Structure formats: C-alpha cells, structure tokens
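Undergrad: sequence plus the predicted model coming up.
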Amino acid sequence: MLDTEFFRRWMAATAAAVDREAGRLTDLDAAIGDADHGSNMQRGFNAVSAVLEKESPETPGALLTLAGRQLISTVGGASGPLYGTLLRCTGKALGTESEVTESQFAEAFGTGVEAVAQLGGAKTGDKTMLDALLPAVQALGTSAGAARDAARAGALATVPLRARKGRASYLGERSIGHQDPGATSAALLVTALAEVAESNGGGDA
Ligand code: ADP
Ligand code: MG
C-alpha cells in the first residue's frame with residue numbers, strides 16, 4: 001500500500017532531482033526553446049515543497065491535488081499547467097482513501113497523463129513530455145522500475161523527432177537532433193517515483 005508519506009517523499013525526491021538537473025534542463029531548452037525549463041521546474045517544485053511543509057494534506061489524493069495546483073499557480077511556462085494538470089488529475093483520481101494500492105495509483109497516473117494529452121493536444125511522437133509519460137504509464141502496471149526505464153528510453157527517443165507541439169515546434173526541422181526538455185524532466189519525475197518505491201520495499205508502485 002502507498003500512504004500519504006510515500007507521495008510526500010515522491011515530491012521531495014522530484015524536487016531534489018530537479019534542483020540537481022536544472023542546468024541540464026535549461027541547456028536542453030536553450031537548444032530548442034527559450035532556456036527556461038530548468039528554472040520553471042525549480043520554481044514549481046520548490047513551491048510544491050514549501051506548500052507541503054506548510055499544509056499537511058492527509059490523503060495521497062489531497063497531497064497530489066495540492067501539489068498540482070501549486071505548479072499551475074507558480075509556473076508561467078507551458079510545463080506548469082501541464083505538470084500541474086498531471087498531478088492534480090492523478091490526485092483527483094485517487095479519491096479520498098488514506099492509502100492506495102499500487103494498481104490504483106497506476107490507473108490514476110494514467111488518468112493524469114490522459115489529462116495532459118487533452119490539455120496540450122499532443123500525442124505520441126510529437127516530441128513532448130508525453131513521449132516519456134505515455135510509455136511510463138504502460139510500464140507502471142509492471143513496476144515503478146520498469147516505468148523509470150520506459151520514461152528514460154522515451155526521453156532519449158525524442159532526439160530524432162521533429163517537434164509538433166509547444167515552442168520547439170516553431171523550429172520545424174531544426175528541432176531534430178535535440179532531446180526534448182519536458183520529456184527529460186518527465187523521466188526525472190518517474191525516476192524519483194522508482195527511487196521512493198524501491199526504498200519503500202520492492203519496485204512495485
Ligand atoms: P515553455 O515552452 O513555455 O518555455 P517550458 O520550457 O517550461 O515551457 O516547457 C517546455 C516543455 O513543455 C517541452 O519540452 C515539452 O515537453 C512540453 N510541452 C510544451 N507544449 C506541450 C504540449 N502541447 N503538450 C505536452 N507537452 C508540451
Ligand atoms: Mg521554455
């Protein structure tokens with residue numbers, strides 16, 4: 001079972017990974033965007049850490065919903081509403097249970113990723129965060145470790161793609177040959193999940 005503390009640790013591990021990798025995310029965004037993805041993610045997840053410290057949501061659903069709302073209200077770039085929607089809709093789908101099963105979470109995360117696709121209108125192969133998130137959802141039924149591997153592979157696989165959504169799409173062909181920053185940060189989010197799941201005993205999230 002996954003309790004509220006599990007999700008608190010997931011958000012903390014994501015914030016730490018984003019801090020560590022902010023420079024790289026910004027460099028990737030400098031190549032095909034406007035060089036703010038690292039700072040957007042840092043601002044967002046620092047704010048998530050702060051609000052989770054201040055308020056004490058009592059259920060997994062409430063915690064992720066709060067984190068998502070915080071991202072939406074603090075991040076100006078495209079990634080704020082998209083990641084915010086991911087966490088908020090995952091949280092809503094978890095309902096009000098004080099603990100959830102791994103498979104309930106896998107299903108709720110799928111709902112969250114679906115909401116990102118709805119909001120941004122992107123699909124597989126458009127060179128966005130969805131290229132890491134969609135394979136992660138598929139693999140999450142197996143384990144969090146499998147989801148991490150799928151998300152990382154998905155992020156790497158954005159390199160040869162031409163961007164069809166977001167700022168990078170303005171570059172057309174020139175977006176080819178660069179890894180998508182949002183797919184890269186999505187892999188960090190899923191890697192943080194696997195880290196926490198593994199320390200929770202087993203990789204089954
Ligand atoms: P901005 O593009 O506003 O500067 P960021 O740099 O923070 O925002 O985030 C850029 C990332 O957001 C991209 O690398 C891509 O993965 C993701 N993204 C942009 N538009 C979309 C969309 N319509 N659907 C899904 N992801 C998107
Ligand atoms: Mg940007």
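TA: Okay, I see it. Ligands and ions are numbered 1, 2, ... in the order given.
Undergrad: what is the mean pLDDT for the helix or strand where Ala139 lies?
TA: Following DSSP states H and E, one finds Ala139 within helix 130-140. Helix 130-140 carries an average pLDDT of 98.
Undergrad: which strands or helices does it pack on?
TA: helix 102-120, helix 144-156, helix 181-199 (3 or more Cβ pairs under 8 Å, 6 or more residues apart in numbering; DSSP states H and E). C-beta here means a position set from N, CA and C on the backbone, and glycine is covered the same way.
Undergrad: burial count for Asn40?
TA: 27 (other Cβ atoms under 10 Å).
Undergrad: find the nearest non-adjacent residue to whatever residue of the chain ends up closest to ligand 2, please.
TA: Residue nearest to ligand 2 within the chain (Cβ to the ion): Gly33, separated by 3.9 Å. Nearest residue to Gly33, sequence neighbours excluded (Cβ to Cβ, 6 or more residues apart in numbering): Arg167, at 4.5 Å.
Undergrad: my read is that that neighbour contacts Asp34, right?
TA: Yes: the criterion here is Cβ atoms under 8 Å, and Arg167 meets it with Asp34 at 6.1 Å.
Undergrad: contacting residues for Leu119?
TA: Pro81, Leu82, Thr85 (Cβ atoms under 8 Å, 6 or more residues apart in numbering).
Undergrad: of those, just say which sits nearest to ligand 1.
TA: Looking at these and their distance to ligand 1, the nearest is Leu82, at 5.2 Å (Cβ to the nearest ligand atom).
Undergrad: surely that closest one is within a strand?
TA: No: per DSSP: H, G, I helix; E, B strand; the rest coil, Leu82 lies outside any strand segment and is helix.
Undergrad: residues touching it, list them.
TA: Counting by Cβ under 8 Å, 6+ apart, Leu82 touches Val116, Leu119, Gly120, Met129, Gly182.
Undergrad: what is the longest helix along the chain packed up against?
TA: Criterion DSSP state H: the longest helix present in the chain is helix 4-32. Counting contacts by 3+ Cβ pairs under 8 Å, 6+ apart, helix 4-32 packs against helix 37-54, helix 60-74, helix 181-199.
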